[in-house]
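Trainee: what follows is a predicted structure for the sequence shown.
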Amino acid sequence: MEDFDDHKDIREAVRKLCEQFPGEYWRKADAERAYPAEFVKALTDAGYLATLIPEEYGGSGLTLSAAAAVLEEVQRAGCNGAACHAQMYVMGTVLRHGNESQKEKYLPKVASGELRLQAFGVTEPTSGTDTSSIRTFAKREGDHYVVNGQKIWTSRAEYSDLMILLARTTPKDQVAKRTDGLSVFIVDMQEAKKAGLTIRPIRTMMNHSTTEVFFDNVKVPAENLVGEEGKGFRYILSGMNAERILIAAECVGDAKWLIEKASNYAKDRNVFGRPIGANQGIQFPIARAYANMRAAELMVREATRLYESGKDCGAEANMAKMLAADASNEAANACIQTHGGFGFAEEYDVERKFRETRLYQVAPISTNLILSYLSEHVLGMPRSY
Amino acid sequence: MKVLVPVKRVVDANVKVRVKGDGSGVELANVKMAMNPFDEIAVEEAIRLKDAGKVEEIIVVSIGPAQAQETLRTALAMGADRAILVKTDETAEPLGVAKVLKGVVDAEKPGLVILGKQAIDDDANQTGQMLAALLGWAQGTFASKVEINGDKAKVTREVDGGLQTIDLKMPAIVTVDLRLNQPRYASLPNIMKAKKKPLDEKSAADFGADLKPRLKVVKTEEPGGRKAGVKVKDVAELVSSLKSAGVI
Ligand SMILES: Cc1cc2nc3c(=O)[nH]c(=O)nc-3n(C[C@H](O)[C@H](O)[C@H](O)COP(=O)(O)OP(=O)(O)OC[C@H]3O[C@@H](n4cnc5c(N)ncnc54)[C@H](O)[C@@H]3O)c2cc1C
């Protein structure tokens, strides 16, 4: 497959790093539902998870396209960045809205890997996509907040030292706008686990280390409030575009891996005395997935370009995420079909990628909500939710 | 001591090479290129010698097209100190390259040159040996272990019968084999630093050499496909089929 890539040097080095973590490594982790700690350590030690952290806090201070290149290459190499991608975008909340002492306290340690900032607690069982309806409540008591409630799908909570938490600080019926009265906190999970915080893993169809997190009178120092009380929803929203773009880049990487795997197999596998790839019934789905991947990739580039030039990229970032998640899912489907029965055998890694990439049509934002966004904000149709 | 490491830009080892339609060579258009894997091992060894305090400066040199800059930057990101690109659009042949390298050695005066034992594109396995001859230096080829002690280099070589250990008088040429080390991947901070390291662009003439082709490629062909074998039931059938094939 031809390279259209920017950041060639970074891509090359990430590929080399990923070569140390072949399919075998991921199959074993998958079978045991184990956290790929060695992989995350290698990425951290080589500075790639600190791509976006400014140089003054120990990172490389690069722009979003560099982070997107890192995550795309991880997926393209058949690895799975889901174990650590959140650090890239969650960090942005602290960077943009945290105060100087919070940045100095946390960012250098996040950059060095001493502190893992992997957990992002937004979704709750009873509110789902309707984030403003979350019920987890943080009540101010003197110099700290007391948190009660429950989060669900808090991925990597067991393997993170810090959590960015969204909680209500003013009840919904006492605020002017439903999105007011929500606040963002940096939770020191090691401390919280000693008093009131419980984590319960959820087994899912892929290896994702996702969990339920219960808060029972968990004390969070008031100094860990990010920005102003009550403005948390806006802080979370402001990081969404970067998150969408990075997830989209991962999907493009998945799609490239799957398409390459499918086309190589189609060339090599002989049935009825010729390669199965000589049949249009096999070629066309792969070629179509390729075309859709390329289109998605261009949208990712466009969204990144707008983001980096400081322009609004809400629509493009959302479209990039949707198109890329669709493209990787289509590629996964074509790939497993091309492999016939062998696609279901674990040793080909196809079924694993098929399971892994399916997530991105649902999380971190589901396709329907992107369509609702476009309908309302771009096309001016009535709000549907 | 300075060490010089020549690096070549070649077709990536993971690419399936295809012969050009007219048989004049292999297809290079839109093909992913990378540093010759043996040269990565050579760069890694130089970095390890520097880390061990045996070497002060690592100079990487590439003889090739403008894009060979990327290969040099990769070496700088791994840890080399500065780079020289000897730009040419001619096919780099071992003797021409060895002559340019002799010029670079005369100008830079390294105490050691570490090269890959061969480049994976044409597998010539000649450049290091030719350079040693042109310079009149000692050579340790196919190294699987290198130790520097003062003005001596102890090189363990992979030879047909096993391992051979030789002492070389410095300055010397070492060509490296696969098992010498596992090359590192560049960290992000080092990639950023590499962008600021010096990279000089030169021509072969600057080193009193020329890269005019001395060889003519007559034909390039794909290796013939392997024919399917036959299964035999027992020894008797094996013997009779070998007989009918006329081999015994
Ligand atoms: C493996 C995994 C990891 C995750 N990691 C995290 C994490 O680290 N942190 C975190 O906070 N969250 C995380 N999530 C949560 C994820 O963001 C949510 O699952 C997602 O936003 C959808 O919310 P929900 O599951 O409650 O679905 P619901 O909101 O219940 O929606 C169910 C379905 O209905 C559709 N739907 C809902 N409302 C409408 C509407 N108005 N119009 C049309 N369709 C609608 C949705 O699109 C979806 O398809 C994770 C989820 C998974 C599965």
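Mentor: Yes, it's here. Numbering: from 1, shown residues only, chains lettered A, B, ... in the order given.
Trainee: surely B:Leu4 is within a helix?
Mentor: No. Read with DSSP: H, G, I helix; E, B strand; the rest coil, B:Leu4 is strand and lies in no helix.
Trainee: could you find the closest non-adjacent residue to B:Lys197?
Mentor: B:Leu76 (4.7 Å; CB to CB, 6 or more residues apart in numbering or on different chains). Where C-beta positions appear, they are placed from N, C-alpha and C, glycine not excepted.
Trainee: list the contacts of the one you found.
Mentor: By CB atoms under 8 Å, 6 or more residues apart in numbering or on different chains, the contact set of B:Leu76 is B:Val60, B:Arg82, B:Ala83, B:Lys193, B:Ala194, B:Lys197, B:Leu199.
Trainee: repeat the analysis, applying 7 Å as the threshold.
Mentor: B:Leu76 sits next to B:Val60, B:Ala83, B:Ala194, B:Lys197 when contact means CB atoms under 7 Å, 6 or more residues apart in numbering or on different chains.
Trainee: and the strands in the chain?
Mentor: All of this is about chain A. Assigned by DSSP state E, chain A shows strands spanning A:117-121, A:137-141, A:144-152, A:162-168, A:182-188, A:197-202, A:210-221, A:225-226, A:270-271, A:274-275.
Trainee: oops, wrong one, chain B.
Mentor: For chain B, strands defined by DSSP E occupy the ranges B:2-6, B:9-11, B:33-35, B:57-64, B:82-87, B:112-116, B:138-149, B:152-159, B:162-169, B:172-176, B:199-202.
Trainee: and of the ones you listed, who's closest to A:Pro36?
Mentor: Nearest to A:Pro36 among those is strand B:33-35 (25.7 Å), distances taken as CB to CB.
Trainee: and the contacts of that closest one?
Mentor: B:Val7, B:Arg9, B:Val10, B:Val11, B:Asp12, B:Ala13, B:Gln67, B:Thr71, B:Thr74, B:Ala75.
Trainee: residues near the closest residue to the last one other than its chain neighbours, how many?
Mentor: Take B:Ala75 and drop its neighbours on the chain: the residue closest to it by CB to CB, 6+ apart is B:Val60, 4.2 Å away. Residues within reach of B:Val60, counting by other CB atoms under 10 Å in any protein chain shown, total 29.
Trainee: pLDDT score assigned to B:Ala245?
Mentor: Note on B:Ala245: pLDDT of 87.
Trainee: coming back round to it: and the strands of chain A, which is most packed in?
Mentor: Neighbour counts (mean count of other CB atoms under 10 Å in any protein chain shown) averaged over each of the strands of chain A peak at strand A:117-121, with a mean of 27.
Trainee: then that one to CSV, C-alphas only?
Mentor: The C-alpha coordinates for strand A:117-121 follow below in CSV (Å, rounded to 0.1, in the frame of the first residue of the first chain):
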residue,chain,number,x,y,z
LEU,A,117,-3.5,9.4,33.3
GLN,A,118,-5.7,6.9,31.5
ALA,A,119,-9.1,7.0,33.1
PHE,A,120,-11.9,9.2,31.9
GLY,A,121,-15.1,9.0,34.0
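Trainee: off-centre distance for that strand?
Mentor: The chain centre lies 11 Å from the centre of strand A:117-121; the measure is CA atoms, centre = their mean, to the nearest Å.
Trainee: quick check: neighbours of that strand in the sheet, parallel or antiparallel?
Mentor: Looking at strand A:117-121 with DSSP bridges, its partner strands are strand A:162-168 (parallel).
Trainee: before we move on, back to that, could you dump the strands of chain A to a markdown table with mean pLDDT and distance to B:Asp39?
Mentor: What follows is these, written out as a markdown table (pLDDT from 0 to 100; distance: least, CB to CB, whole Å):
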| stretch | mean pLDDT | distance to B:Asp39 |
| --- | --- | --- |
| strand A:117-121 | 96 | 37 |
| strand A:137-141 | 98 | 57 |
| strand A:144-152 | 98 | 51 |
| strand A:162-168 | 98 | 42 |
| strand A:182-188 | 98 | 46 |
| strand A:197-202 | 98 | 46 |
| strand A:210-221 | 98 | 44 |
| strand A:225-226 | 98 | 48 |
| strand A:270-271 | 97 | 37 |
| strand A:274-275 | 96 | 35 |
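Trainee: just put these in JSON lines and tack on distance to A:Tyr290.
Mentor: Listed next are the strands of chain A as JSON lines, based on distance: least, CB to CB, whole Å:
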{"stretch": "strand A:117-121", "distance to A:Tyr290": "32"}
{"stretch": "strand A:137-141", "distance to A:Tyr290": "48"}
{"stretch": "strand A:144-152", "distance to A:Tyr290": "36"}
{"stretch": "strand A:162-168", "distance to A:Tyr290": "37"}
{"stretch": "strand A:182-188", "distance to A:Tyr290": "40"}
{"stretch": "strand A:197-202", "distance to A:Tyr290": "34"}
{"stretch": "strand A:210-221", "distance to A:Tyr290": "31"}
{"stretch": "strand A:225-226", "distance to A:Tyr290": "42"}
{"stretch": "strand A:270-271", "distance to A:Tyr290": "22"}
{"stretch": "strand A:274-275", "distance to A:Tyr290": "18"}
